[in-house]
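J.: could you look at this predicted model? Sequence included:
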Amino acid sequence: MTMTRTEESTAVATPVAPTLLLAFELGERTWKLGFTTGLGQQPRIRQIPARATDRVVEELARAKARFRLPADAPVMSCYEAGREGFWLHRWLVAHAVNNQVIDSSSIEVNRRARRAKTDRLDLGGLLSLLARDQQGDRRWRVVRVPSVDEEDARQLHRTRETVQQDRNRLINRLKGLMTTQGLTLPVDANFPTQLETAQLWDGRPIPPGLKARLHRAWAQLEFLNRTLEELDAERGALTADPQTTMGRYVSALPTLRGIGPVGTWTLATEIFGWRQIKNRRQLGALVGLVPAPYQSGESAHDQGITRAGNKHVRRLMVQLAWSWVRYQPDSALTEWYQGKFGRGSRRLRRIGIVALARKLLIALWHYVEHGEIPEGAIVKGQAA
């Protein structure tokens, strides 16, 4: 169909609905809000008390009036992922605001500019990038926001991780305090009894101040041990629908030797159960196990991994990689690691285990999604 000149000019001249752009700088006590309608415009910046959502509504209405926008004009906003989590995103979406949570490490930075930093400069930069994003020129990475249930499913396993870390710190503290007096008592169930009869190098008993401190630390350790037992019992009672993505991972991963319930549920709740993984590079980037190469002219070397990803899964995968080497010694992944790093120094082996962790994560994904058993791996219930 041929368009007449009048119809063509009318189609081109059709105005695009004006959009109010909003960027947040979120602090503990105050928030700064920056408003604009496009590039090259002086932003309107306002400060409000932190988490005062009623003030956000008021400032939105005032900004629309200031920029002569209709009251029902669409609003596009952004803020950097951080301590406020995702509740603000959900509140904005519930109030018809098209919001994006931004990965701060992915924000474009001018390397030649002096890195002056103020909230006003940060707001101006976010608004400029948001305006570009509206025009299709994306210069950052948007964080995938989980649902309330998906986020809540991670709390049990993150709690266990925190308790385990606190437990390790307490054990190291007990050992460190004893080392200052030349003592090497095992930190086990008999520790309080042995502490009463322990003697210093000259035969004297442990000083009362140190003994009291050791007893307090032991009491804290006992509490953490009981907490771990309760958390493990709670995790053991969990069930997942095998028809869901999370259920498939919870059912399939433990069938591989070396993968236990802690690793299974962590992987399922942190990434696999609610993320749509497209390829192995995306999977590695989600966890921060992607290599960061450096190449300029004749100079080329590896700068290590990016670490810009889920730290919980990254830490877990390193632990699972060590477990894989131990319990899957005849697998192709273990043979690759042993052949390339196994005979090296301790530092080289630690570097290699990170590389193995990335390969193992991809192999586990292929195992569940495509039924591809890692080459040479032992599946529980099958003959070795």
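T.: Great, that's in hand.
J.: how far away is the closest residue to Leu253 other than its chain neighbours from Glu196?
T.: Closest residue in space to Leu253, ignoring its immediate chain neighbours: Thr264 at 4.4 Å, by C-beta to C-beta, 6 or more residues apart in numbering. Using the backbone N, CA and C atoms, a C-beta is placed for each residue, glycine as well. Remark: distance between Thr264 and Glu196 (C-beta to C-beta, to the nearest Å) = 42 Å.
J.: which of these two has more neighbours?
T.: Counted by other C-beta atoms under 10 Å, Thr264 and Glu196 do not tie: Thr264 has more neighbours, with 24 against 10.
J.: pretty sure the more buried one is touching Val250, no?
T.: Yes: under the criterion of C-beta atoms under 8 Å, Thr264 makes contact with Val250 at 5.8 Å.
J.: list the residues that contact the residue nearest to Leu253.
T.: Neighbouring residues of Thr264 by C-beta atoms under 8 Å, 6 or more residues apart in numbering: Tyr249, Val250, Leu253, Pro254.
J.: dump those residues into JSON lines; add pLDDT and neighbour count as well.
T.: Listed next are those as JSON lines, based on pLDDT from 0 to 100; neighbours: other C-beta atoms under 10 Å:
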{"residue": "Tyr249", "pLDDT": "95", "neighbour count": "24"}
{"residue": "Val250", "pLDDT": "95", "neighbour count": "24"}
{"residue": "Leu253", "pLDDT": "96", "neighbour count": "21"}
{"residue": "Pro254", "pLDDT": "95", "neighbour count": "15"}
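J.: got the phi and psi for the residue nearest to Leu253?
T.: phi -60, psi -50 (degrees, to the nearest 10).
J.: any idea how far it lies from Glu230?
T.: Taking C-beta to C-beta, one finds Thr264 at 19 Å from Glu230.
J.: what's the answer for Arg144, then?
T.: Here Arg144 is placed at a distance of 31 Å from Glu230 (C-beta to C-beta).
J.: roughly how far apart are the closest residue to Lys380 other than its chain neighbours and Gln41?
T.: Closest residue to Lys380 apart from its sequence neighbours, by C-beta to C-beta, 6+ apart: Thr255 at 5.2 Å. Remark: distance between Thr255 and Gln41 (C-beta to C-beta) = 58 Å.
J.: may I have the secondary structure class of Ala23?
T.: Following DSSP: H, G, I helix; E, B strand; the rest coil, Ala23 is assigned to strand.
J.: could I get the full set of helices for this protein?
T.: For the chain, the helices defined by DSSP state H occupy 5-12, 53-66, 87-94, 119-134, 148-152, 155-179, 191-197, 208-236, 245-252, 261-267, 280-287, 311-327, 332-337, 346-370.
J.: among the ones you listed, which is nearest Val109?
T.: helix 119-134 (8.8 Å; C-beta to C-beta).
J.: ok, and what's touching that closest one?
T.: So helix 119-134 is contacted by 19, 21, 23, 25, 27, 32-36, 38-39, 43, 45, 76-80, 100, 102, 107-108, 138-140 (C-beta under 8 Å, 6+ apart).
J.: just the buried ones out of these, please.
T.: Neighbour-count burial (16 or more other C-beta atoms under 10 Å) is assigned, among the contacts of helix 119-134, to 19, 21, 23, 25, 32-36, 43, 45, 76-80, 100, 102, 140.
J.: which ones among those lie within strands?
T.: Filtering the buried ones among the contacts of helix 119-134 for membership in strands, criterion DSSP state E, returns 21, 23, 25, 32-36, 45, 76-80, 100, 102.
J.: which one of the residues you listed is nearest Asp188?
T.: Asp188 has its nearest neighbour among these in Glu80, at 45.7 Å by C-beta to C-beta.
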